[in-house]
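> Dropping a prediction and its sequence here:
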Amino acid sequence: MKMQIDGKFVEAFNKEFFDIINPATGELIDRVPKGTEDDVAIAVEAASLAFNGWASTSPQQRAGILYRAAGIVRQRKDELAVLLTQEQGKPLAEARNEIEGFANVLEYYCGLASSFHGDFVLIPQNGYAFTVKKPLGVCAAIIPWNMPALIMAWKIGPALISGNTLFLKPASNTPLTNLALASILSEAGLPPGVLNIVTGPGEVVGENLVKSLKVKKISFTGEARTGKRVAELAASGMKRVTLELGGSDPMLVCDDANLEDAVTGALRGRFYNCGQTCTAVKRLFVFESVAEEFIKKLETGIWNLKVGNGMHENVDMGPLNNSRQWEYIKELVTDVEEKDEGRIVTGGKVPEGGAYSRGYFFEPTLVVDVPKDSRLLKEEVFGPVLPVVRVKNLDEAIEAANNTCYGLGASIWTKNIDRARIGCEQLNAGIIWLNQHLKVAPEAPFGGTRESGIGKENGPDALSEYLGLKTVMLKT
Ligand code: NAP
C-alpha cells in the first residue's frame, strides 16, 4: 500500500517501509512507506495548490462527490470491514458498524452543504454589517488507531464540505483502511490534491505537518500527552486547533436504576473495541445497596463474552491493537495484585491456548473495591479492565467521578428525574448520557472539557471549526 499525494498513490521517496501487523495473529498484512519531512512538504504543497479550485466549487458540488463516495463505501462495506478487523483487531460486526458510521457522517455533512452562510447584523444608529464564512485553506488531520475509519470521517466530512483541502496522517498501526477510503473518495471524483495521506511516525510526519507554515488548522485525536505537544507546536504559528483527547469516563449506577440495562450498558461501554474507545466506561461507581447484585450480574455477563480473532463471527472481543497497549494493561493488572489495589473478580490474565498464542489478547477483567488512589482510577485505562467502586449516595458518586483531569463523557443510570438533572448539571464532561453510555451520532456535537480537549466534532458545530468568519461593516 502506498501514500496518497496529489491524487496519486506514490511510494516514499526514501523507499523505507514499515510493517502493518495483524494484532490477532502477529501476521504481516502489508507494508507502507515511512514518510519523511520531504514527503510532508510535497503533500502540503499539493493540498495548497488544490485549495483555490476546491474552495471555488459550490458546496452542492462537493456534497455530490462525498455522497457518491459514501455510496461506494456502503457497497464495499464487507471488504472494508475485513481490512479494518485485520489491522485493528476489532470483531467484524464492530468493523462493519464503523464503516457504516463513516458513510453516515459523510452523508450528514452533505446534508449541511447549503447551511453555512454568514449573517446580516443590524447595528443601532450606525447601520449594518454582514458576516462571511470562508474555508481556512490547508487543514491537517491526525488520527489514532482505535476508530480509524470513523474518526477520519469526523474530520474529512466537515473539512471538505466547507471547501478546505486536507492532509491526513493516519496512525502507524492502522493506515490501510484510511488509504482504502481515500482511494474510494478519488474514485467518487475528489480532485487530486484535495485529500492527501502520508504514512509514517508521528514524531516525523505529524510534527512536520503541524509545523508547516502552509497548514492553517490542525484537528488532532489521540492521547492527551501527544495533544499537548501538538498544541505547543501549533501555538508558534497561532494555528487553529481541535483537540480530541483521552478520557476516563465514569458510569454512575444509582439504587433505583434498571440493573439489567445498566449491566448491558457497562458490558458494551467497557468491552466494545476491547476497551479501546475514548468514551468507554473507564470507572464505575455503584450505590452500596445494589452493589452485590449488580457485581454478580456483571460477572456473569463478562463470563459470557467470547474473546478471539475478530474475523470469527461469534467473537465479542478481539485483541488489543498493539504490544504497547498489551504490555500496559498487563502491568496495570499486575499492580492491582501486587499492590492490593482491589479484588479481581473475573479475568486478569492473558488467555491460554493455541489460538491466543500470537495475538495481543487479554481477558475481560472486573476489579472491585478499588481504592481511591489506584492507578485504575487515575490513569486512562485503554483496555478491557473495569474498576468498580461502591459509593453511599449520589453526592459521593459525583465527587468521585469528577476526581480526574479528564472530562470527555459520563453516564448516570437512574429513573429519578432529580438525580438525572443533578448528574447532568454537576458531572464535568463534554457529553452526558442518561441510562446509556457510548452512543454517538453525526448530528450531536462531540468533544471533551479539561484535559479531554478543545473544540467539537460532529453536528453543525464541527463546521465552524473549519470556517473563518469575516465581518464587513457598512457605512450608511
Ligand atoms: P497517540 O499516540 O497520541 O497518537 C495519535 C496520533 O498522533 C497518531 O497518528 C500518532 O502517530 C500521532 N502522533 C504521535 N506523536 C506525535 C507528535 N509528536 N506530533 C504529531 N502527531 C503525533 O494516540 P493513540 O494511542 O493512537 O490513540 C489512543 C488515544 O486517543 C487515547 O487516549 C484515546 O482516548 C484517544 N482518543 C480520543 C478520542 C476523542 O474523540 N476524544 C477518540 C479516539 C481516541 P503514530 O501512530 O505514528 O505514533
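Perfect, I can see it now. Only a predicted model underlies this, so the values are computations on that prediction, with no experimental measurement involved.
> Does anything pack onto the least confident helix or strand in the chain by mean pLDDT? Which helices or strands?
Least confident helix or strand of the chain, by mean pLDDT, DSSP states H and E, is strand 8-10 with a mean of 73. The contact analysis (3 or more CB pairs under 8 Å, 6 or more residues apart in numbering; DSSP states H and E) places strand 8-10 against strand 3-5. C-beta here means a position set from N, CA and C on the backbone, and glycine is covered the same way.
> hmm, 10 Å instead?
Judged by 3 or more CB pairs under 10 Å, 6 or more residues apart in numbering; DSSP states H and E, the packing partners of strand 8-10 are strand 3-5, helix 37-55, helix 176-187.
> Tell me the helix or strand right after that strand.
strand 17-21 (DSSP states H and E).
> That following strand pairs with which strands, parallel or anti?
Next to strand 17-21 in the sheet, as set by DSSP bridges, lie strand 28-33 (antiparallel).
> what comes up buried for the strand it pairs with?
Buried residues in strand 28-33, defined by neighbour count with 16 or more other CB atoms under 10 Å: 30, 32-33.
> go on, stretch 414-430?
Applying 16+ other CB under 10 Å to stretch 414-430 flags 414, 419-420, 422-423, 426-430 as buried.
> Over to stretch 198-207?
So, applying 16+ other CB under 10 Å, buried residues of stretch 198-207: 198-200, 202, 204-207.
> What is the helix or strand harbouring Leu209 packed up against?
Element membership for Leu209 (DSSP H and E) is helix 207-211. Secondary structure elements in contact with helix 207-211, counted by 3+ CB pairs under 10 Å, 6+ apart, are helix 37-55, strand 138-142, strand 165-169, strand 215-221, helix 224-236.
> between the buried residues of strand 28-33, which is nearest the ligand?
Ranked by distance to the ligand (CB to the nearest ligand atom), these are led by Val32 at 10.8 Å.
> contacting residues around the closest one?
Neighbour list for Val32: 1-3, 11-12, 17-20, 170, 172, 175-176, 179, 197-200 [criterion: CB atoms under 10 Å, 6 or more residues apart in numbering].
> Pull out whichever of these are also neighbours of the ligand.
When CB under 6 Å from any ligand atom is applied, the members of these adjacent to the ligand are Ser172.
> low-confidence ranges in this structure?
1, 11-14 (pLDDT under 70).
> who in the stretch 251-400 of the chain is up against the ligand?
Residues of the stretch 251-400 of the chain lying near the ligand (CB under 6 Å from any ligand atom): 278, 380, 382.
> Tell me the one of those nearest the ligand?
Cys278 (3.2 Å).
> ok, the closest one touching Pro144?
Yes - the pair Cys278 / Pro144 is scored as a contact, 8.4 Å apart, by CB atoms under 10 Å.
> For these two, indicate the residue with more neighbours.
Neighbour comparison, Cys278 and Pro144: the larger count goes to Cys278, with 29 against 24 (by other CB atoms under 10 Å).
> re earlier: tell me how far the least confident helix or strand of the chain lies from the chain's centre.
27 Å (CA atoms, centre = their mean, to the nearest Å).
> Please identify the buried residues of that strand?
In strand 8-10, counting by 16+ other CB under 10 Å, buried: nothing.
> can you list contacts of it?
Contacts of strand 8-10 (CB under 10 Å, 6+ apart): 1-4, 33, 39, 42-43, 46, 179, 182-183, 186, 192-193, 196-198.
> Report the contact partners of Glu396.
Counted by CB under 10 Å, 6+ apart, Glu396 has contacts 285, 287-288, 389-390.
> chain center to stretch 273-288, what's the gap?
15 Å.
> In it, which residues are buried?
Here stretch 273-288 shows 273-287 as buried, counting by 16+ other CB under 10 Å.
> Of these, which is the nearest to the ligand?
Minimum distance to the ligand across the buried residues of stretch 273-288 is 3.2 Å, recorded for Cys278 (CB to the nearest ligand atom).
> Please report how far the closest one lies from Leu474.
45 Å (CB to CB, to the nearest Å).
> swap in Arg421?
Taking CB to CB, one finds Arg421 at 45 Å from Leu474.
> three-state assignment of Lys415?
With DSSP: H, G, I helix; E, B strand; the rest coil as the basis, Lys415 sits in coil.
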